[in-house]
Structure formats: structure tokens, C-alpha cells
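In: pasting a predicted model and its sequence here:
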Amino acid sequence: MTGERTVILTGASSGIGKKAAIALAEGGAEVVVVGRNADRTRAVAEQIGGAFHVCDFDRLEQVRALAGTLLENHPRIDVLANNAGGLVSHRAITADGFERSLQSNHLAPFLLTRLLLPRIIESEGRVVSTSSTANVMGRVRLDDLNWAKRPWAGGWLAYGTSKLLTNMFISQLASRAPIQAYAFHPGFVSTSFGTDSGAMRVLNFVTQGNYGISADAGAVPLIQLAGPTTVGVPSGTYFDQLKPNGMQSPQAKNTALAEVVWEKTSDMVGLPIEL
């Protein structure tokens, strides 16, 4: 990747996404920031002198529209950083008929990546997805991806499963497309993550907000993986912060299951299985 690199960064309006956007722009990349909150997303774009787009991942038509706009405006895409998503503490269904954490953490990034993939391939680019060590508590049930048959448990099990799906997606993408693809756990970051979660509110109260690592520290893996340097490990690798081959659910290594998940996800978002 030579010359000015174009980085599409979702979830860039706050937290590690914002920190990464600033650092990558300072490093010379053209950073296009994507967020749900218009004011915060615009503010980050103005700070780094880049373009911005507002998109609600709870609505797949907005994801499709975003992809169309990005393809129209950017003749090359060197990096797509899928950083948007989060914990949903109360089970809810989107307008598309999917459970919210499944859609925002898995279906929407899958759709956006697939729609942008031809341009990423042309640019010899890279896909980086923010995952979580919570993937180890995830369990994929093909008959219950919408989490209608299992206890909600404050959303944590569904969240962990959505991040397991993220890792499966990245491993499949690496095997199916001639690009680099990586997932990473940023660390237990003290940000606005899970602000509507009772458990997170208790943790914040007990520690007076002094838990986990800073957003600056949590952004380091994202900055490194979305940066211009060669990663030096096989495509499809999952990182725990900067350590490759982080701990994953046993299902993450089930290639046959990951292939079925790819097929089922493609069908759910209305795309062909093959690239």
C-alpha cells in the first residue's frame, strides 16, 4: 500500500474509534469516519480534516446506502475497520427483524464488508474487525441466532456470541478473499461501552470509573492493524491486544460451522454465498 491510504473507520465518534481516527490521520492516512451520532461524528471529522458519514447499523438499508456512497466517493479503500457495535442490555429486534447485538456486531459489518470488498481487493487492502475476549463465552446455535430461546443474561452471552461470529467471519474472509483480514480484542477499555448495562454501572460506581485501560491504550491494536506496516502473521489471525492467536471459543476453530455461518449470514443480509 503506497501513497495516501484511505481508511474507512466505523464506530469512530467516540472511544477507541475516535482515538484511532486521530492517530491514523496524523500518520498521513485519509480517514473517513462513520458513526451513529451525527454531532460527535462530524466533530471527529472536523478535528482530523476528513469526511464523515452517519449510519445506524440497526437499519441495513442505511448500511447499503453507506456502501454505495463510499464506493462513489473513494476510488480506493486500503482499510475497512469495522469498529462499530456494542452491548445491548435489553433484548430488542431491529426493523430488519434481527436481534440488535447480532445485527450491529455481525450482520451490518458483514454486509458493509461484502459490499465494499471488490474495491478493497482492487486496492490490495485490509479488513480489521474489533472483537472481544468475551467471544470465549459465546456459543453459536444456528437455530437461535436471534437469541429467542436462551436466557438474555443482560446481553452478555449474546454479545460474546456476536464477537465469536466476528472471529468466524474474519477467518472465513481470509480464506475466501485475496486480502488481509484480522480481528482483535482491544483490552478491557474504560469507555462508554455498555452504559445501559446494570453490571457496567455497578462496576463504574464501585471503581469510580477507574477500571480497565484507557481508550488511548485500547486503540493501539486498531491503530497498528489499520496502519501501513506489515502485520507479519497469517491473514485471519485473532489478536488479544497486540498478541496474536488470542484465546477463543472452541467453536472459532470449527471451520465447517464457520462455513455454514457464512452461508446463513449471506442469506440473512440478501447476498450470494460466493464472492
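Out: On my side now, so go ahead.

In: Provide the secondary structure category for Ile22.
Out: At Ile22 the chain is in helix, as set by DSSP: H, G, I helix; E, B strand; the rest coil.

In: report the contact partners of it.
Out: Residues in contact with Ile22 (CB atoms under 8 Å, 6 or more residues apart in numbering) are 44, 47-48. From N, CA and C alone the C-beta is placed, and that goes for glycine too.

In: go on, Asn73?
Out: Ala51.

In: likewise Gly155?
Out: Contact analysis of Gly155 by CB under 8 Å, 6+ apart lists 87-91, 101, 197.

In: ok, Pro250 next?
Out: Taking CB under 8 Å, 6+ apart, we find Pro250 in contact with no residue.

In: for stretch 189-204, the averaged confidence score.
Out: Stretch 189-204 shows a mean pLDDT of 46.

In: should've said stretch 80-94
Out: 95.

In: now the helices for the stretch 151-275 of the chain?
Out: Counting by DSSP state H, counting those that start in this stretch, the stretch 151-275 of the chain has helices at residues 156-176, 198-207, 215-225, 255-268.

In: give the buried residues for the first one.
Out: Applying a neighbour-count criterion of 16 or more other CB atoms under 10 Å, one finds 156-174 buried in helix 156-176.

In: so who does Gln172 touch?
Out: Neighbours of Gln172 in contact, by CB under 8 Å, 6+ apart: 258-259, 261-262.

In: where does the stretch 51-200 of the chain have low pLDDT?
Out: 190-200 (pLDDT under 70).

In: quick one, strands of it?
Out: Applying DSSP state E, counting those that start in this stretch to the stretch 51-200 of the chain gives strands spanning 52-54, 79-82, 126-130, 180-185.

In: contacting residues for the residue nearest to Thr255 when sequence neighbours are not counted?
Out: Computed as CB to CB, 6 or more residues apart in numbering, the closest residue to Thr255 that is not its neighbour in sequence is Ser171, at 7.8 Å. Listed by CB under 8 Å, 6+ apart, the contact set of Ser171 reads 181, 236, 238, 252, 255, 258.

In: same thing but at 10 Å, please
Out: With contact set as CB atoms under 10 Å, 6 or more residues apart in numbering, Ser171 has these partners: 181, 183, 235-238, 248, 252-253, 255, 258-259, 262.

In: do you know which of the helices of the stretch 151-275 of the chain lies nearest Ala38?
Out: Ala38 lies closest to helix 215-225 among those, at 20.9 Å (CB to CB).

In: helices or strands next to the closest one in the packing?
Out: If you count contacts as 3 or more CB pairs under 10 Å, 6 or more residues apart in numbering; DSSP states H and E, helix 215-225 packs onto helix 15-26, strand 79-82, strand 126-130, strand 180-185, strand 238-240.

In: isn't Leu60 right up against Pro109?
Out: No. Between Leu60 and Pro109 no contact is recorded; they are 11.2 Å apart, counting by CB atoms under 10 Å.

In: overlap of the contact sets of those two?
Out: With CB under 10 Å, 6+ apart as the test, Leu60 and Pro109 both reach Gln103.

In: who has more neighbours out of the two?
Out: Each of Leu60 and Pro109 has its neighbours counted (other CB atoms under 10 Å); Pro109 has more, 29 against 22.

In: who's in contact with the residue lying closest to Gly28 once chain neighbours are set aside?
Out: In this structure, Gly28 finds its nearest non-sequential neighbour in Glu4, 6.6 Å apart by CB to CB, 6+ apart. Contacts for Glu4 (CB under 10 Å, 6+ apart) come out as 28-30, 76, 78.

In: need the max-distance pair from these.
Out: Gly28 and Arg76 (14.6 Å).

In: ok, Val33 to Val54 distance?
Out: 10 Å (CB to CB, to the nearest Å).

In: give me the more crowded residue out of those two.
Out: Val33 (31 against 17).

In: quick one: contacts for the more buried one?
Out: Counting by CB under 10 Å, 6+ apart, Val33 has contacts 7-13, 17-18, 20-22, 25, 40-48, 50-54.

In: how about the strands of the stretch 51-200 of the chain in a markdown table, adding distance to Ile213?
Out: Shown next, in a markdown table, are the strands of the stretch 51-200 of the chain (distance: least, CB to CB, whole Å):
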| stretch | distance to Ile213 |
| --- | --- |
| strand 52-54 | 27 |
| strand 79-82 | 19 |
| strand 126-130 | 14 |
| strand 180-185 | 11 |
